[in-house]
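Trainee: structure of the sequence below:
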Amino acid sequence: MPKDLADFDTLRPRTLTMRRPDSTDGAAVWELVRQCKPLDENSMYCNLVQAEHFADTCVVAEMDGEVVGWISGHMIPNKNALFVWQVAVSPKARGLGLGRRMLEHLTARDICAEATCLNTTITKDNEASWALFRSFAREIGGKLSDRAHYTRDTHFDGKHATEHMVTITLSQSATAQTAQAA
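Mentor: Predicted structure coming up:
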């Protein structure tokens, strides 16, 4: 086979889609999260339930039919706030801005229309997550703030680093712009 034909597969554009998950995505999501250190691994059953019960506030990204991105989240009861639990991007899809694109996709959904802020927790040493959420805040013109929330000693019995609650303001005009771009 000529070299230029052998390289064709690596040069062709890849198809990237973002969608709501379903229960059949649970195993692929679980495997993706396992590849994305330092994310905490949940049980496969947990990811299956998230994909089924919280599909409206979760995102699966596929590249050529393979799960390469995942966001789990939920609307916080009795608040106009979206909580993002985990963002996972496969090594195969890094450098594409996929994490930010999935956040934009999620916040543009109707279920998030009343959300005035996005919350997530991040340990101080998780530089990739800090960069993602700062980039997202800049992109939408939101204000980012943080404070210690789940502390090492009080909540984790000394076995896990303190999680900082990150809050990003979501203006209605920013989410409308994001919806138009999605």
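
Trainee: can I assume residue 60 is in contact with residue 18?
Mentor: Yes: counting by C-beta atoms under 8 Å, residue 18 is a contact partner of residue 60 at 7.2 Å. All C-beta atoms are positioned from the backbone trio N, CA, C, and that covers glycine.

Trainee: between the two, which one's more packed in?
Mentor: Comparing residue 60 with residue 18 by other C-beta atoms under 10 Å, the one with more neighbours is residue 60, at 22 against 17.

Trainee: how far away is that one from residue 23?
Mentor: Per C-beta to C-beta, to the nearest Å, residue 60 is found 12 Å from residue 23.

Trainee: need the overlap of contacts for the two.
Mentor: Counting by C-beta atoms under 8 Å, 6 or more residues apart in numbering, the contacts common to residue 60 and residue 23 are residue 51.

Trainee: please enumerate the helices of the protein.
Mentor: 3-6, 8-11, 26-35, 44-53, 98-107, 127-140, 152-156, 172-181 (DSSP state H).

Trainee: most packed of these?
Mentor: The highest mean neighbour count among the helices of the chain, using mean count of other C-beta atoms under 10 Å, belongs to helix 98-107: a mean of 23.

Trainee: now do it: everything it contacts.
Mentor: 16, 18, 57-59, 61, 68-69, 71, 73, 82, 84, 87, 89, 112, 115, 118, 132, 135-136, 139-140, 170, 175, 178, 181-182.

Trainee: among these, which are in strands?
Mentor: 16, 18, 59, 61, 68-69, 71, 73, 82, 84, 87, 89, 118 (DSSP state E).

Trainee: neighbour-wise, which one of those residues leads?
Mentor: Neighbour-wise, those (other C-beta under 10 Å) top out at residue 69, 28 neighbours.

Trainee: give me the beta-bridge partners of the nearest residue to it once chain neighbours are set aside?
Mentor: Residue nearest to residue 69 in three dimensions, not counting chain neighbours: residue 61, with 3.0 Å by C-beta to C-beta, 6 or more residues apart in numbering. For residue 61, the beta-bridge partners are residue 18, residue 69 (DSSP bridges).

Trainee: for residue 18, see how far away residue 61 is.
Mentor: Counting by C-beta to C-beta, the gap from residue 61 to residue 18 is 5 Å.

Trainee: could you name every residue contacting both of the two?
Mentor: With C-beta under 8 Å, 6+ apart, residue 61 and residue 18 have common neighbours 69, 101-102.

Trainee: lovely, talk soon.
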